[in-house]
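Enquirer: Show me the folded form of this:
(chains A and B)
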Amino acid sequence: MARAPRSPRTELLRGTLDLLILQTLSLRPLHGYGIAQHIARLSNDALSVEQGSLYPALERLQARGWVTSKWLPSPTGRRARYYTITRAGLRQLGEEISALDAVVLAINRVLRRA
Amino acid sequence: MSFFDALKFRLRAITRPDAHARELDEEMDFHLDRDAAQLAHDANGPADANEDEARYAARRRFGNRTYLAEETRRMSGLGWLELLGQDLRFAVRTFRRTPGFTAIAVLTLALGIGANTAIFSAVDALLLRPLPFRDPGRLMSVSLTVPRRGNFPPRDNVNWSWPKFEALRGMQHVFAQTTLWYPEPFTIRHGDQTLRDQGEYTDDGYLTTLGVRPALGRNFTADEATHYNGGHVALISDALWQRLYDADRRVLGQTVLVNGMPYTIVGVTPPGFQGLSGQALLWLPALTSSNPRAEPPGPYDHRFLAIARLADGVSPEQAAAVVATLGARIDAAYPDQNGQGWHWGATTKPLDQARVDPQVRSTLLVLFGAVGLVLLIACANVANLFLARASGRRKEIAVRIALGAGRRRLVEQLLAESVLLGVAGGVVGLGLAWAGARGLASLQLSAALQGNGGAVIGTLGSQAIRLDPWALLFTLVLGVVTGIVFGLVPALQATRPSLTEDLKDDGGPASRRFGGLGSRNVLVAAEIALAVVLLAGAGLVLRSLGRRMGVDLGFDAGHTLTFRVNRAPEWAPDSITRFYDVAIQRLAELPGVTSAGMTDCPPLVQCAGTLINLMDRPAAAPGTEPLAGVHWITPGWTTVERIPLLRGRLLDERDRVGTPMAVLVSQTAARRWWPGQDPIGKVIGQSRTAGGGLDSAYVVGVVGDVRYQGVDSLPGADVYLSYYQVPFYFRMMLFVRTRGDPLALAGPARTTMARWAPGFPVYDVRTMEDRVGQSLAYSRLGALLLGLFAAVALGLAAIGTYGVIAYSVAQRTREIGIRVALGASAGDVAGMVVRRGLALGAIGGGAGLVVALGVTRVLGSLLYEVAPRDPATLAAIIVLLGLVVLLASWIPARRAASVPAVEALKS
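Expert: Have a look, this model is predicted:
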């Protein structure tokens, strides 16, 4: 419980987390818990992070204008904050995916030679 | 639009932080509830027994909620503002709990920051602040240059003559406006009020070049300014307008008497404008004269200073190139009159570079550096206080980390505390800075500040030093930077994650707490090193001042009143002798006066030298002729000033018109010109340069040397001639030797002169001691301030040493108790502690000495007959430092020695 609050791992994942959130929201609007569940499911828990780290990331994405949010009733009736990706967010997602592709390509090339 | 989305979001986060935080809370609750429900469901269906467990698992999966909420708020950009507010409120509460600590820290910082602001205000006023004219960056100072001539060094700041500058004006195209001016003291009379004050002669381009419009009336016209005696008109300053005319708008058209000649007032300048001299009350056209017999200024009458404004698109370098080319043409039109083939030139440089004497610049920068070191020492001291306090707060910080505070937040929090302290120190320091700036401003340094630079303008006197908004901003920035500098290391150290030990720590074994002492030792050693650097600088400068004050100037400055008197224009040049003659006689008859005399070239006033010929040998090759300072005196002047007669006789009543010209030479002159020979009876004459008077003069006596240029320069070759042999107008300074206080004679002297020449006041009345003191004012100021800074530095370093030693003693009480129990004597214990202090002193002192050896060169002209690495001074500093460190560690050592073994072990 009382370990250092920010480990190098979370630092490393920060950029990736933004990417995952944007990707998730590009399919449909979701609330925070839904995003966390979606990411956990798709990555088979391989990328499981502290689920709460989602919220600073969502705040950051909103502050940049890539994501907006609205309070809406959830299926259980209780209201929840639903996040929607913006046009700028989609553009950003595209750029990040191409950048990631380039990196993956480069790494693959190196690994194949080694 | 993403930009507007982002803006809307951020604005809401800032303007409604509470709602924003509540929503995040709700969102996180939602998340946890849903997750707990999901987990419970996944386990074995909804069962109340598992709910708590599921809830706990969800929380664990979620992470540190407090921390994450804080992180989230930080993301929206301005959340930091809210956090800063929190931090500051917390810091204020913390400081309120420890008022003693806070007061000491704030005062230490106030001392450092206040001194810095005071010196900054001087640097700002004299070196940085833009000149108070329109677009000052485009103003240039234009001067003539002369090559090395014999013993005269080359100069690039020679004044212009009117015709030479007219030639330049006609040929140049790089300046949009040009003007000539020179300062001159005037006797200004209006009604029954008479003032003797500074004015300037100028032309019609003066105000337009500087970008100043008359507040009332008009500027000079071209006709008035450029034709000889084109119009007796005057511009007056706002100050004079208030003083003599009660700011009456009907002043235009009235006449004012300047040097006894009526001038019509045509304009009043705006408030605050006092010309380039910084002191002018009145302006007259340069080509008018109050002397009806005067002639227009000739091509070799170099009395004018030139200022110009660059034309659009012309750079200073381009202008300098053009002026240099034209300088050669002007030299061809008006060749050097010595017939030696010396070629004059012309040059121009930004006016800003001529604003103060280079010596003043370097002195100010040295002081600025010194006061910066003082602040560094103050920072080190406060950092030490913080380190000591941080070890006391370890537990508090550990608890907060355990409760989920991020390290970054904690460092921010601690930095907020130190920055708050730094700014508080700045605010308190403003009081000190204000007093310091006032002190510097009142120092009447104008004479010292302007030094001997011909083209140095006086716009920026010491009276310009004040705390302006820039100084306030400087203080604020300094406070913040200071807070970060002294706060960062303690903050990083205090938050180093090592939770378990600190949580468990119950004041037990002190061993690991020595870790914090390492950086404290380094800080104190650094403090001592910096103090040594300052002490070395101050020591060298103080020794230089001592040397300067011990210099025998060659005359007796005590009991001497000196003054000048204005010449009445109605006196013809040839009757002025009689005027002075009677004046001297009457002054000498005053009760309390023992003798009176006068000279045209008194000590500590810059006079031009003259090239001379020694008639007992072939004329010297051009450029190698001897140079002499020529002094026209009343025969008794050398006696009045007690300049000793070494050989032959003094000048006396026999040396009058019609008798062969007699001359006294100084010892240096005799030794230089006639080594090993008897100078009496030798003949000297003036070199082929223009000017009359000195044809062939017979040496009748040798007198002692006088340092005419002040203590910093060696005595030169001087010759004294009797004023009575060449009746001509000279501007004299009158000397009166008194029995008692010389200033007591100022009144009677004034009355005597006023009766003799009413309406032409005596001015520049000062004792000779005052003049000598003024010539030292500048090095005295440097020595005083550097000494003060060094003393503060030493005091701070002593406090720092004491603090760290006392702290280590307190930490080691138990260890000391054990030692005493094992048989260590009080002496052993005290010795151990003192040795520790001396070790710190040795390390810091050694490092400081190495730095000092490297940097004392920057003192440059502040030093006088003391080498920058003077071993005696450095040795004295080592001894002083040793004593102070000894004292600082002896007090805690005594306390350590008196620790009773039992008590220490029991505690």
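Enquirer: Would you point out which residue is most central in the chain?
Expert: Let's take chain A. Centroid check for chain A by Cα atoms, centre = their mean gives A:I21 as the closest residue, at 2.4 Å.
Enquirer: nope, chain B
Expert: B:L364 (3.6 Å).
Enquirer: Which residue, neighbours along the chain excluded, lies closest to that residue?
Expert: Nearest non-adjacent residue to B:L364, counting by Cβ to Cβ, 6 or more residues apart in numbering or on different chains: B:V123, 5.4 Å away. Glycine gets a C-beta too; all of them are placed from N, C-alpha and C.
Enquirer: May I have the residues that are in contact with that neighbour?
Expert: Counting by Cβ atoms under 8 Å, 6 or more residues apart in numbering or on different chains, B:V123 touches B:364-365, B:368.
Enquirer: Is it in a helix, a strand, or coil?
Expert: Three-state assignment for B:V123 (DSSP: H, G, I helix; E, B strand; the rest coil): helix.
Enquirer: Mean confidence (pLDDT) on the helix or strand hosting B:I113, please.
Expert: B:I113 is part of helix B:99-123 when elements are defined by DSSP states H and E. The pLDDT scores in helix B:99-123 average 89.
Enquirer: Which other helices and strands does the helix or strand following that helix contact?
Expert: Of the helices and strands lying after helix B:99-123 in sequence (DSSP H and E), the nearest is strand B:139-146. Identification of packing neighbours for strand B:139-146 by 3 or more Cβ pairs under 8 Å, 6 or more residues apart in numbering or on different chains; DSSP states H and E yields strand B:155-158, helix B:162-171, strand B:305-310, helix B:316-333, strand B:345-350.
Enquirer: With mean neighbour count and distance to chain A as extra columns, can I get these in JSON lines?
Expert: Shown next, in JSON lines, are the helices and strands packed on strand B:139-146 (neighbours: other Cβ atoms under 10 Å in any protein chain shown; distance: least, Cβ to the nearest Cβ, whole Å):
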{"stretch": "strand B:155-158", "mean neighbour count": "16", "distance to chain A": "60"}
{"stretch": "helix B:162-171", "mean neighbour count": "18", "distance to chain A": "63"}
{"stretch": "strand B:305-310", "mean neighbour count": "25", "distance to chain A": "49"}
{"stretch": "helix B:316-333", "mean neighbour count": "16", "distance to chain A": "48"}
{"stretch": "strand B:345-350", "mean neighbour count": "21", "distance to chain A": "48"}
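Enquirer: Can you say which of the ones you listed is nearest to B:R617?
Expert: Smallest distance to B:R617 across these (Cβ to Cβ): 28.9 Å, for strand B:155-158.
Enquirer: Which secondary structure elements does the closest one sit against?
Expert: strand B:139-146.
Enquirer: Check which residues of the strand it packs on are buried.
Expert: B:139-146 (16 or more other Cβ atoms under 10 Å in any protein chain shown).
Enquirer: would you put the C-alpha positions of that strand in CSV?
Expert: Listed next in CSV are the C-alpha coordinates belonging to strand B:139-146 (Å, rounded to 0.1, in the frame of the first residue of the first chain):
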residue,chain,number,x,y,z
LEU,B,139,22.0,59.4,-29.8
MET,B,140,25.7,59.5,-30.5
SER,B,141,28.5,61.4,-28.9
VAL,B,142,31.0,62.8,-31.5
SER,B,143,34.5,63.7,-30.6
LEU,B,144,37.9,64.6,-32.0
THR,B,145,40.8,62.3,-31.6
VAL,B,146,44.5,63.1,-31.1
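Enquirer: Tell me the strands beside it, with direction?
Expert: According to DSSP bridges, strand B:139-146 forms sheet pairs with strand B:155-158 (antiparallel), strand B:305-310 (antiparallel), strand B:345-350 (antiparallel).
Enquirer: Switch these over to a markdown table; also include mean pLDDT and distance to B:A798.
Expert: A markdown table is the format used below for those (pLDDT from 0 to 100; distance: least, Cβ to Cβ, whole Å):
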| stretch | mean pLDDT | distance to B:A798 |
| --- | --- | --- |
| strand B:155-158 | 82 | 47 |
| strand B:305-310 | 93 | 51 |
| strand B:345-350 | 92 | 46 |
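Enquirer: Now render these as a markdown table, adding distance to B:I265.
Expert: Shown next, in a markdown table, are the strands paired with strand B:139-146 (distance: least, Cβ to Cβ, whole Å):
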| stretch | distance to B:I265 |
| --- | --- |
| strand B:155-158 | 33 |
| strand B:305-310 | 24 |
| strand B:345-350 | 34 |
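Enquirer: Select, out of the ones you listed, the one closest to B:V702.
Expert: Here strand B:155-158 is closest among the strands paired with strand B:139-146 (Cβ to Cβ), at 31.4 Å.
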